[in-house]
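Sequence below, structure please.
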Amino acid sequence: MSNNAGKSFLKGTVWAIADNFFRQAVTLSVFIVLARILHPEVFGLLSFSLVFVNIFVAVINDGIVTAIIRKADPTEEDYNTAFWLCLGCSLPAFLFLICTANFFEDLTDSEGLATVMRATSFIILTTGLSSIHEVWLRRRMDFRTIAIRSLISVSLGGGIGVILALQGYGVVSLLAQQLTTAVTQLGLLWFTTAWRPSIKVSRSSLKEIVHFSKYIALSNLSNAANQNSDIFFVTYYLGPVSTGIYTTGKRISSTLNTVISTALLRVSMPAFANLQNDDEGLARMYLHSTTLTAMVTAPVFIGIAVLSKDITLLILGAKWLESVPIMQVVTVMGFLTSIGYYNQSVMVAKNKPQWQTRLTFLYAISNVVAFIIFTRFGLLATALAFAGRAVLLYPVSVRFALMLTGISWQRYVKAILPPLFSALVMAGVLIGVADLMAGSMLLVRLASLIVLGALIYCSLMYAFMPAAYKKYLVEMLYLKVLKQQKVYN
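Purely as a prediction, here's the structure:
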């Protein structure tokens with residue numbers, strides 16, 4: 001990889017992480033405020049409605065988007081064809097939700113669900129109108145523009161949602177938040193992007209996009225089922241109140257996963273695609289990316305599992321304590337999810353989307369079967385089924401990536417073992433110390449445990465991390481000291 005490509009990758013990564021961090025930070029902050037005002041049932045209705053929105057967006061838009069991103073040099077006809085294809089597929093999906101909203105309200109016996117589903121269906125249209133514009137920016141590594149647009153839109157939507165919630169508008173406040181964010185993102189993206197769609201399309205491009213995206217669409221459909229089928233079955237068996245509690249238990253873990261992993265995935269997809277003909281370079285980047293992500297996510301997710309009760313009491317309040325066991329279980333699989341995104345990127349880069357399709361189809365079937373069996377026994381049983389399936393089938397995903405990169409199991413395990421071992425030792429110490437501090441003030445206890453955990457993990461990681469990463473860390477610290485001395489002098 002050239003120096004310019006490396007700089008572009010690094011710059012893109014920084015802005016992509018910034019985009020996800022600030023967007024998710026604002027979204028989480030708004031959620032915390034709203035969670036203290038609104039009833040769990042309100043969040044349950046919205047969560048169920050967004051299941052269908054997420055499925056349609058994943059199947060329609062993401063498949064087409066991936067087909068364009070993975071191309072070495074997309075043409076103007078490629079962009080135009082993809083845009084009209086996205087819009088053309090979004091319209092029937094939008095109409096489907098409008099027409100079937102009453103059916104799902106009756107099916108789940110959830111009063112008010114039809115109104116929520118019709119309102120959120122507009123997000124499908126706004127996504128269809130903006131997806132290819134974002135692709136155009138991503139292909140140019142212009143994540144700065146995307147980040148600014150995201151921050152403005154989620155801040156505006158969140159502000160309107162909080163104001164309406166304080167005035168007692170209930171579920172309307174959540175709908176206003178979602179729709180304001182979606183419409184603002186659409187407007188800003190069209191305003192800040194130089195590219196405009198035209199009717200200059202290509203039949204060959206259409207065939208190529210459809211041929212490639214059908215595998216991605218099937219994979220995304222399975223992924224969406226994996227990520228959202230639990231919400232459907234919780235609502236069906238246990239009702240919208242339980243859905244609100246369940247999704248809240250997953251919220252912090254999923255938010256952090258999005259901040260860290262999705263940002264890296266957005267950059268790794270085009271970066272891996274650029275290395276699809278360089279087997280050695282792709283293998284090196286895959287292992288390096290997995291290692292760095294594991295170093296960050298292992299202590300975060302395992303730490304959340306240990307401190308989940310204190311975190312819930314501090315930021316959400318006692319009325320959400322029922323979500324604590326859900327949070328503890330779900331965060332176990334958060335670590336695997338964070339490093340598993342790279343397996344998908346490798347399959348796409350090496351033009352093996354059908355492998356990912358088969359894999360996610362297996363995930364979907366196993367998830368649905370598990371939820372049909374266990375959800376009726378309660379929320380904890382559902383969470384255990386969700387996490388257990390992910391842990392048992394994760395090695396299959398890794399096996400596919402290792403086959404395509406030529407990396408051995410020994411090298412892969414060696415790469416992720418130091419952060420995982422260090423995080424588990426950290427967790428054991430924190431559990432013991434937390435018991436000793438049980439009677440102390442909540443904020444003091446939580447802050448003390450976080451600082452202690454960080455010190456333990458960093459010390460262990462420095463002792464066990466590979467020599468190459470130690471050398472890189474020392475060089476970075478040395479350069480930082482020299483820079484500070486230069487500024488001081």
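
can you tell me which helix or strand residue 180 belongs to?
helix 171-192 (DSSP states H and E).

From the contact counts, what lies against that helix?
On a contact count with 3 or more CB pairs under 8 Å, 6 or more residues apart in numbering; DSSP states H and E, helix 171-192 meets helix 3-37, helix 40-56, helix 113-120, helix 122-139, helix 143-166. Placement of C-beta: from N, CA and C, glycine included.

Export only the CA atoms of it, formatted as PDB.
Taking only C-alpha atoms (Å, rounded to 0.1, in the frame of the first residue of the first chain), the coordinates of helix 171-192 have been written out as PDB:
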ATOM      1  CA  VAL A 171     -44.300   8.200  21.200                       C
ATOM      2  CA  VAL A 172     -44.700  11.200  19.000                       C
ATOM      3  CA  SER A 173     -41.500  12.600  20.400                       C
ATOM      4  CA  LEU A 174     -39.600   9.500  19.300                       C
ATOM      5  CA  LEU A 175     -41.100   9.600  15.800                       C
ATOM      6  CA  ALA A 176     -40.300  13.300  15.500                       C
ATOM      7  CA  GLN A 177     -36.700  12.500  16.500                       C
ATOM      8  CA  GLN A 178     -36.400   9.700  13.900                       C
ATOM      9  CA  LEU A 179     -38.000  11.600  11.000                       C
ATOM     10  CA  THR A 180     -36.200  14.900  11.600                       C
ATOM     11  CA  THR A 181     -32.900  13.100  11.700                       C
ATOM     12  CA  ALA A 182     -33.600  11.200   8.400                       C
ATOM     13  CA  VAL A 183     -34.900  14.300   6.500                       C
ATOM     14  CA  THR A 184     -32.000  16.500   7.700                       C
ATOM     15  CA  GLN A 185     -29.500  13.900   6.700                       C
ATOM     16  CA  LEU A 186     -31.000  13.700   3.200                       C
ATOM     17  CA  GLY A 187     -31.100  17.500   2.700                       C
ATOM     18  CA  LEU A 188     -27.500  18.000   4.000                       C
ATOM     19  CA  LEU A 189     -26.100  15.200   1.900                       C
ATOM     20  CA  TRP A 190     -27.600  16.500  -1.300                       C
ATOM     21  CA  PHE A 191     -26.500  20.000  -0.500                       C
ATOM     22  CA  THR A 192     -22.900  19.100   0.300                       C
END
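
mind listing what's buried in the helix or strand that it is followed by?
On the C-terminal side of helix 171-192, the closest following helix or strand by DSSP H and E is helix 203-238. Using 16 or more other CB atoms under 10 Å as the burial criterion, the residues of helix 203-238 that qualify are 205-206, 208-209, 212-213, 215-238.

Check which helices and strands helix 203-238 sits against.
Helix 203-238 sits against helix 40-56, helix 63-69, helix 76-108, helix 240-257, helix 353-374, helix 379-405, with contacts defined as 3+ CB pairs under 8 Å, 6+ apart.

That one to helix 379-405, inter-axis angle?
Counting by axes from the mean of the first three to the mean of the last three CA atoms, to 10 degrees, helix 203-238 lies at 150 degrees to helix 379-405.

for helix 203-238, the distance to its chain's centre please.
Put simply, helix 203-238 sits 15 Å off its chain's centre (CA atoms, centre = their mean, to the nearest Å).

related to what we said a few turns ago, now do the helix holding residue 180 against helix 143-166: the angle between them, please.
Using the same axes, to 10 degrees: helix 171-192 against helix 143-166 is 160 degrees.

tell me the mean pLDDT over helix 171-192?
Averaged over helix 171-192, pLDDT sits at 91.

Outside of that helix itself, list whatever touches it.
30, 34, 38, 42-43, 45-46, 50, 112, 115-116, 119-120, 122-123, 126-127, 129-130, 133-134, 145, 148-150, 152-154, 156-158, 160-165, 169 (CB atoms under 8 Å, 6 or more residues apart in numbering).

And those residues, which of them are buried?
By neighbour count, with 16+ other CB under 10 Å, the contacts of helix 171-192 hold 30, 34, 38, 42-43, 45-46, 50, 115-116, 119-120, 122-123, 126-127, 129-130, 133-134, 145, 148-150, 152-154, 156-158, 160-162, 164-165 as buried.

quick one on the thing from earlier: can you add distance to residue 342 and mean pLDDT and give the helices and strands packed on helix 203-238 back as CSV?
CSV is the format used below for those (distance: least, CB to CB, whole Å; pLDDT from 0 to 100):
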stretch, distance to residue 342, mean pLDDT
helix 40-56, 22, 88
helix 63-69, 15, 77
helix 76-108, 25, 90
helix 240-257, 14, 84
helix 353-374, 12, 83
helix 379-405, 7, 88
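
Perfect, I'm done here.
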